[in-house]
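With the sequence up front, the predicted model follows.
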Amino acid sequence: MVFNLGLKIKISDGQWMIFRISFHPPKNNGQQKKNENPSLSSINQKKLNHLHFFLNFAPMSRKMKNKVIQNLRIERIASEGKCVGHYEEKVVFVQNVAPGDLVDVRITRGKSSFMEGEAIFFHEYSKDRVEPFCQHFGTCGGCKWQHINYDLQKTYKRQQVVDQFQRIGKLPIPEVMPIIGSANTQYYRNKLDFTFSNNRWLTKEEIASEATFERSALGFHIPKMFDKIVDIEHCYLQGNISNEVRNSLRNFALENHLSFYDIRNQVGLLRNLIIRSTSTGESMVIVQFGADDAEGIEKVMQHLNGAFPQITALLYIINLKKNETFNDLDVVTFSGKDYIEEEMEGLKFRIGPKSFYQTNSDQAYELYKVTRDFADLQGDEVVYDLYTGTGTIANFVAKKAKQVIGIEYVEDAIADAKLNAKVNGLDNTLFYAGDMKDMLNEEFIAKHAAPDVIITDPPRVGMHEDVVKMLLQLAAPKIVYVSCNPATQARDVALLGEKYQVDKIQPVDMFPQTYHVENVVLLTLKP
Ligand SMILES: C[S@@+](CC[C@H](N)C(=O)[O-])C[C@H]1O[C@@H](n2cnc3c(N)ncnc32)[C@H](O)[C@@H]1O
């Protein structure tokens, strides 16, 4: 039985706030039920059931915060992987649920047009759920879709592309092709970036136990919390020696009382760990130190060097800045080479510590094949490869083009791109370093031949509007637009719609277990 009580309180002259206090009996007398949230312990679930007594104590104004909505059916996945239900004609975004789940949701944010909330009780589970395989699932923000079967993940990713192009692009588009799935849905990444912290994220069980715990951590940021790190014991994203190196370094640091970084006070020796690997078996390990402590640095690097002779590039950086970016810092080679080398179709790609390389090597190959197919080069074309990174796409298409010109703002990446072309025996490529919006100007075009095909692969933010304007001015017959963010891609394509039509749209899954999707679009000049 539910009791409701009305309460009207005067908060200022002429302003009244109306409260409703609902009393719900705890479900199942607080005992854990079969269909409780699998990510909550029975203790916490019991507590949550009791919370029903006071959580519905919420003002009946626009501020819905803490209100509990009962029996909300999760209908679908919207942009950025958020699950969606509807309550009184308002959209409710809910985390860590799956389409088909029937849940009670506590509202964490209420706006006039939408609400956000967290599931506190599961009445029914979606039939599309699968058991998450990772012990860190639910805390770590890395693979948020582990509980959704892979076929459905692919369906939603493709749907995201359709939605973004319909909602933002608002252009006539052809049927979006079926997504190209990833053969490997675990251990598919070639790069991971771990953070050291003196502020380890504690689980609800640990907090409830009131015991004291080791607070040093080496792992990933908790979503939206810059200073909280979940300590990772095993990560299913990267194979090779990734888990061994991370765990060994953490243990060594703890045994030797080396300090883990304190981000609030900006002190501590161990700051960040990057592990990169290639399909050819090479690995690069980069340790960022937050203090210029020669003895401590030597200890750490000697440990890694001794314990992991298979590391082919062992590097470190002293970073005394406020942020972890290191494009402007010196990278010291402790042992081995200062790069690793990836291979694709017999082409070699040298990757330096500051250079971008697609993080799923197998799927990068699929992505590049689609890009090359869409470009449909006949051998006599001038191709611009914008945002070329280490010139991977440029190298990949060069044999089928008259000339390829790559532009990228990381100078070291451009140095690698030039070397890659040389190593691969390609003499029809040119590479330039600089910001795209400054580089791609009339002077640049006058100096080089105008492009017949433009391949563009910008970062998540998409292209600067000056770059889009320049593309419209250039009016190359064909643009192949590769993107890891269909929302910004759809925005740019809408602007290009002034002169271009969309001929083909091919999503590629580079990031299984996440909502991220890569997408390739072929644009041709309107007749
Ligand atoms: C998504 S990556 C693509 C790299 C490359 N096409 C590949 O497949 O490996 C985007 C690249 O754009 C570069 N970049 C980002 N902003 C830029 C800018 N404003 N001007 C030039 N390059 C930029 C980044 O350094 C990165 O290498």
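Now that the structure is in, tell me what you want to look at. Numbers count the residues shown, from 1 in each chain.

What sits closest to the residue in the chain that the ligand sits nearest to if chain neighbours are left out?
When scored by Cβ to the nearest ligand atom, the chain has Gly389 as its residue closest to the ligand, at 3.0 Å. C-beta: built from backbone N, CA, C; applies to glycine. Nearest non-adjacent residue to Gly389, counting by Cβ to Cβ, 6 or more residues apart in numbering: Phe356, 4.2 Å away.

OK, contacts around the one you found?
By Cβ atoms under 8 Å, 6 or more residues apart in numbering, the contact list for Phe356 reads 389-390, 410, 413.

Tell me if I am right that Asp362 is in a strand.
No: using DSSP: H, G, I helix; E, B strand; the rest coil, the secondary structure at Asp362 is helix, not a strand.

Is it in contact with Gly239, as I believe?
No: taking contacts as Cβ atoms under 8 Å, Asp362 lies outside contact range of Gly239: 11.8 Å.

pLDDT score assigned to the nearest residue to Asp380 once chain neighbours are set aside?
Spatial nearest neighbour of Asp380, excluding adjacent residues (Cβ to Cβ, 6+ apart): Lys402 at 5.2 Å. In this model, Lys402 is scored at 98, pLDDT.

follow-up on the earlier one: I'd say the residue of the chain closest to the ligand and Ile407 touch.
No: counting by Cβ under 8 Å, Gly389 stays clear of Ile407, with 10.5 Å between them.

if I've got this straight, Ala401 is in a helix?
No: applying three-state DSSP, one finds Ala401 to be coil, outside a helix.

Tell me who's in contact with it.
377, 379, 381-383, 428, 453.

Over to His147?
96, 98, 129-132, 137 are the contacts of His147 under Cβ under 8 Å, 6+ apart.

try 7 Å
By Cβ atoms under 7 Å, 6 or more residues apart in numbering, the contact set of His147 is 98, 129-130, 132.

can you check Lys82 too?
Phe93.

Quick check: it vs Ile311, distance?
From Lys82 over to Ile311 the distance is 39 Å, taken as Cβ to Cβ, to the nearest Å.

So which residues on the stretch 401-527 of the chain come close to the ligand?
408-410, 413, 435-436, 457-459 (Cβ under 6 Å from any ligand atom).

Tell me which two in those residues are the farthest apart.
Asp435 and Asp457 (15.5 Å; Cβ to Cβ).

pretty sure His303 is in a helix, no?
Yes: remark: His303 belongs to a helix, assigned using three-state DSSP.

For stretch 220-231, which outside residues touch it?
136, 139-142, 194-195, 197, 199-201, 217-219, 232, 263-264.

Return the subset of those residues lying in strands.
Secondary structure from DSSP state E places 194-195, 197, 217-219 of the contacts of stretch 220-231 in strands.

circling back: neighbour count winner among Asp435 and Asp457?
A direct count of neighbours by other Cβ atoms under 10 Å for Asp435 and Asp457 places Asp457 higher, at 24 against 13.

which residue packs closest to that one, ignoring adjacent ones?
The shortest distance from Asp457 to any non-neighbouring residue, by Cβ to Cβ, 6+ apart, is to Val482 (4.1 Å).

Correct me if wrong, but the one you found is in a strand.
Yes: assigned with three-state DSSP, Val482 falls within a strand.

What parts of the protein come near the ligand?
Counting by Cβ under 6 Å from any ligand atom, the chain comes close to the ligand at 356-358, 387-389, 392-393, 408-410, 413, 435-436, 457-459.

Now, of those, which are buried?
356-358, 387-389, 392-393, 408-410, 413, 436, 457-458 (16 or more other Cβ atoms under 10 Å).

Please identify which helix or strand holds Phe334.
strand 332-336 (DSSP states H and E).

and the residues of the chain next to the ligand, which of them are in helices?
Among the residues of the chain next to the ligand, the residues falling in helices (DSSP state H) are 392-393, 413, 436.

where does the nearest residue to Phe213 once chain neighbours are set aside land on pLDDT?
Take Phe213 and drop its neighbours on the chain: the residue closest to it by Cβ to Cβ, 6+ apart is Glu206, 5.8 Å away. The model reports Glu206 with a pLDDT of 85.

tell me which element Glu206 is part of?
Assigned by DSSP H and E, Glu206 falls in helix 204-209.

where does the chain dip in pLDDT?
Where the chain drops to pLDDT under 70, the residues are 1-63.

who's in contact with stretch 159-170?
So stretch 159-170 is contacted by 79, 173, 176, 486-487, 490-491, 493-494, 505, 507, 517, 519 (Cβ under 7 Å, 6+ apart).

try 6 Å this time
173, 176, 486-487, 490-491, 493-494, 507, 517, 519 (Cβ atoms under 6 Å, 6 or more residues apart in numbering).

Show the buried residues in the residues you listed.
Buried among the contacts of stretch 159-170 by 16+ other Cβ under 10 Å: 173, 176, 486-487, 490-491, 493-494, 507, 517, 519.

Just the ones of the residues you listed in strands?
507, 519.

Take the buried ones among the contacts of stretch 159-170 and lay them out in CSV including distance to Thr280.
Converted to CSV, these look like this (distance: Cβ to Cβ, whole Å):
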residue, distance to Thr280
Ile173, 39
Val176, 34
Pro486, 31
Ala487, 35
Ala490, 36
Arg491, 38
Val493, 36
Ala494, 41
Pro507, 28
Val517, 27
Asn519, 28
